[in-house]
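Visitor: Here is my input, please return the structure:
(chains A and B)
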Amino acid sequence: MRPLSFFCMNFTSSRGAFAWIAAAFIAGTHSLAVAGTITVKGSDTLVILAQKWAETYMGKHASTKIQVTGGGTGTGFAALQNQSTDLCNASRKIKPAEIETCIKAFGKRPREYAVALDGLSIYVHSESPLTQVSLEELQGIFSGKIRNWKEVGGPNAPITVYSRENSSGTYEFFKEHVLRGKDFAASAQTMPGTAALLQAVARDKGAIGYGGAAYGQGAKTLKVSREKGSEAFEANEETVVKGTYPIWRPLYVYVNPELDKGDVSAYLGWIRSDDGQAVVKEVGYYPLPPHLRKK
Amino acid sequence: MTHGQNSSRRTAGWAGIHRGHRARVGERLAEIGIFTVSFSAIALIFLIFLFVGREAWPILIQSDSVNSAAVQNVIPSGDLPKLSREQIRAYLGIDAAQLARMDSETIRDLMLVREEAFASLPQSLQMDPDARRNTVRWPLMIPPHQWAGYSRPEFIWQPIGEIHKYNIVPLLVGSLKTTLIGLAFAVPFALGAAIYVSQIARPRLREWLKPGVELLSGIPSVVMGSFALIVMATVMQQLFGYETRLNAFVAGIALGLAVIPLVFSIAEDALTSVPRSFTQAALALGASEWQAAWQIVLPAALPGVFAGVVLGFGRAVGETMIVLLVCSASVMSWSIFDSARSITTTIAAEMAEAVTGSHHYRVLFLLGTILFAVTFVTNLLGDIFIHRLKGRLEGKR
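Guide: Got it, this is the predicted structure:
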């Protein structure tokens, strides 16, 4: 999707007038709402955490109001770009095409803050004898090269691969970091959500799937090793924060640099402080290690 | 709206007041109201088609303005002073007004983003000839293609990734597969039930059965889909012992359950409207009830029954939630025990994150156009066939 927004602009210019009116309207309502109110929009993965942050922060700073909505990472970036939100939650890094639209809209690259860590778990059926799997084996299984459990030390049974819909940030992350850009097997079942994926994995003896750490019930979670034969780790606070558990990702908040002052700046600072990071643990994600907090 | 012989009189004094019928005013208003409603419904459908078609248009005519190549030409930001304003506009895709507002710092930054994006691509991709190809061209969207990393040409639908692979054939096959399984399951059951209820069942039983079957259509498709995902898939895997738990077969049967009430209802109406005298004549000549129903009433009601099947096809091919929940792997296979991904599933699942105006967005609208065309053509052919059949049954040909 990278190089594209460039071409999109050509089509939309016919609707330019309408877009300008809409943008002006949104900008107008926005500037009215600014006094003491912070709007947050974006990733569904982050929405629960962001709401908890907002609640806790508002409890301490009565003068600040924070509105949190989800809608997906892409939706959040669109809102950031037309300035209908102050902060954008993202479960993946911003794409070059999205940076371009932001520069075109407000002349600057959005500023990026890592706010929490998330570890992705690998799920199999609860009766599977397997306890661990390596990154290389995962790549083979999810790209369709490995089709039988006996190739990774399991019983002689076919593997059923469960994946997420390609609109999900988790899908993109998995494809980029575990498959290293390779395609998912065509036979991979794409499920509409992590909960649905777990439903399916729990009922299918040959199943394997992936999803956020906070969901792991009804199926067995495998330990993951970086290489075949090296030590395998399960996802917990220690291994994810240290980076020994290999499938983890930072979650981000993006902001227009011009808005990063006053209340917004204070709120962002608080999120990354010890207080804010304590909320992260409460919700089930992992706090930022010190070296990621500094920036 | 019937326009009898008095229509000329009516238009002369459309309110009908001069004839002293005050009630006519209300009648006329109701008529205009109904006409407006039905006309706007038709106009709306037409407008929807225009909207869907317009978004897909650049791909349909294979316009150069949509380019999904992973690697595109990059002009180094150092070359900025050498570029004319026209070249900058064309390269960055901005209009004159936007360019006028930007200072050279911003333009340089935009060019840098492009450069960085190119530099961050893996080496293997920069060398891959496919990375420079526009993947929304027909030769890459319909016939199989051997992408890097594959051992033979394959039909691949993987829109998200470095190279956007948009082969639509697995989706067409997926839609066709689930729909045909659904119809093959639903039509015999629905027809059998319709014949039984309309011709053979005792009146008391009929009064229970007809609403009973029609109640099935009140089940929301998301409920039906969840039921198929959680319960039916397991039961059927135990019954048939196939390998993939969630496959086109389960989805087809669940679709069939959703289609049965529709086909049943229309077929039952058609069968009931065959004059009773047909059956009575057959029975008087010594036919059994089944013979009368099967050989006399069913052929007479065939146009109506066929209309039910055509509508059932339209419902099945357009159904989204059931197929979305039960199976959605874009695998290219004709086996009914393999998974499938339907056109509707693809649109529903991918539209939310497709950037407006991007190639992904336009390909999804292309799929919508195809879906629209398929249902339109089936309904049209069905209609033509029904008219011919009616003509033949009434002895006009």
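Visitor: Could I get the buried residue list for the helix or strand that contains A:Glu137?
Guide: Taking DSSP states H and E as the criterion, A:Glu137 maps to helix A:135-143. By 16 or more other C-beta atoms under 10 Å in any protein chain shown, the buried positions in helix A:135-143 come out as A:135, A:137-143. Glycine gets a C-beta too; all of them are placed from N, C-alpha and C.
Visitor: For A:Asp275, which residues are in contact?
Guide: Contact analysis of A:Asp275 by C-beta atoms under 8 Å, 6 or more residues apart in numbering or on different chains lists A:Thr56.
Visitor: before we move on, which element is it in?
Guide: helix A:274-283.
Visitor: helix or strand right after that helix?
Guide: Past helix A:274-283, the next helix or strand by DSSP H and E is helix A:290-293.
Visitor: Check which helices and strands that following helix sits against.
Guide: strand A:111-124 (3 or more C-beta pairs under 8 Å, 6 or more residues apart in numbering or on different chains; DSSP states H and E).
Visitor: Tell me how far the strand it packs on lies from the chain's centre.
Guide: 6 Å (C-alpha atoms, centre = their mean, to the nearest Å).
Visitor: Buried residues, the helix or strand encompassing A:Gly70. List them.
Guide: Following DSSP H and E, the helix or strand that holds A:Gly70 is strand A:65-71. Buried residues in strand A:65-71, counted by 16+ other C-beta under 10 Å: A:66, A:68-71.
Visitor: Okay, helices next: where are they in the stretch 51-200 of chain A?
Guide: A:73-81, A:96-106, A:135-143, A:169-177, A:194-202 (DSSP state H, counting those that start in this stretch).
Visitor: so of these, which one's packed in deepest?
Guide: When the helices of the stretch 51-200 of chain A are scored by mean count of other C-beta atoms under 10 Å in any protein chain shown, the highest mean neighbour count falls to helix A:73-81 (a mean of 24).
Visitor: and that helix with helix A:96-106, angle?
Guide: Helix A:73-81 runs at 20 degrees relative to helix A:96-106, counting by axes from the mean of the first three to the mean of the last three C-alpha atoms, to 10 degrees.
Visitor: What are the contacting residues of helix A:73-81?
Guide: By C-beta under 8 Å, 6+ apart, helix A:73-81 touches A:41-43, A:71, A:85, A:87-92, A:94, A:98, A:101-102, A:105-106, A:110, A:167, A:169, A:254-256, B:352-353, B:355.
Visitor: Please apply the same query to stretch B:190-210.
Guide: Applying C-beta under 8 Å, 6+ apart, the contact partners of stretch B:190-210 are B:213, B:259-264, B:267-268, B:271-272, B:279, B:289-290, B:292-294, B:297-298, B:305, B:308, B:312.
Visitor: which ones are touching the residue lying closest to A:Ala186 once chain neighbours are set aside?
Guide: Spatial nearest neighbour of A:Ala186, chain neighbours left out: B:Val331 (4.4 Å); criterion: C-beta to C-beta, 6 or more residues apart in numbering or on different chains. By C-beta under 8 Å, 6+ apart, the residues touching B:Val331 are A:186-187, B:170, B:338-341.
Visitor: chain center to stretch B:224-231, what's the gap?
Guide: Mean C-alpha position of stretch B:224-231 versus that of the full chain (C-alpha atoms, centre = their mean) differs by 21 Å.
Visitor: Ends of it, what's the gap?
Guide: 10 Å (C-alpha to C-alpha, to the nearest Å).
Visitor: What of stretch A:70-89?
Guide: Start and end residues of stretch A:70-89 are separated by 8 Å (C-alpha to C-alpha).
Visitor: Show me how the record splits the chain into domains.
Guide: The chain I'm using is chain A. As recorded under automatic domain parsing, the domains making up chain A are A:2-110+A:256-293, A:119-248.
Visitor: think we crossed wires, I meant chain B
Guide: If you go by automatic domain parsing, chain B breaks into B:7-60, B:77-156, B:169-393.
Visitor: Please identify the most buried of those.
Guide: Among those, domain B:169-393 has the highest mean neighbour count (mean count of other C-beta under 10 Å), at a mean of 19.
Visitor: Give me the pLDDT value at the residue nearest to B:Leu283 when sequence neighbours are not counted.
Guide: Leaving aside its chain neighbours, B:Leu283 sits nearest to B:Ala292 (5.7 Å; criterion: C-beta to C-beta, 6+ apart). Looking at B:Ala292, its pLDDT reads 92.
Visitor: surely B:Ala292 meets B:Gly286?
Guide: No. Counting by C-beta atoms under 8 Å, B:Ala292 sits too far from B:Gly286 to count as a contact (10.1 Å).
Visitor: Quickly list what's touching both of those two.
Guide: Joint contacts of B:Ala292 and B:Gly286 (C-beta under 8 Å, 6+ apart) do not exist.
Visitor: weakest of the domains of chain A in terms of mean pLDDT?
Guide: Looking at the domains of chain A, the bottom one is domain A:2-110+A:256-293 with a mean of 78.
Visitor: residues near the residue in the stretch 151-300 of chain B that chain A sits nearest to, how many?
Guide: For the stretch 151-300 of chain B, the residue closest to chain A is B:Ile160, as judged by C-beta to the nearest C-beta, at 4.2 Å. Neighbours of B:Ile160 under the rule other C-beta atoms under 10 Å in any protein chain shown: 21.
Visitor: isn't there a strand covering it?
Guide: No. Applying DSSP: H, G, I helix; E, B strand; the rest coil, one finds B:Ile160 to be coil, outside a strand.
Visitor: wait, isn't it in contact with A:Glu172?
Guide: Yes. Counting by C-beta under 8 Å, B:Ile160 touches A:Glu172, with 6.0 Å between them.
Visitor: shared neighbours, those two?
Guide: When contacts are counted by C-beta under 8 Å, 6+ apart, B:Ile160 and A:Glu172 are jointly contacted by A:Asn166.
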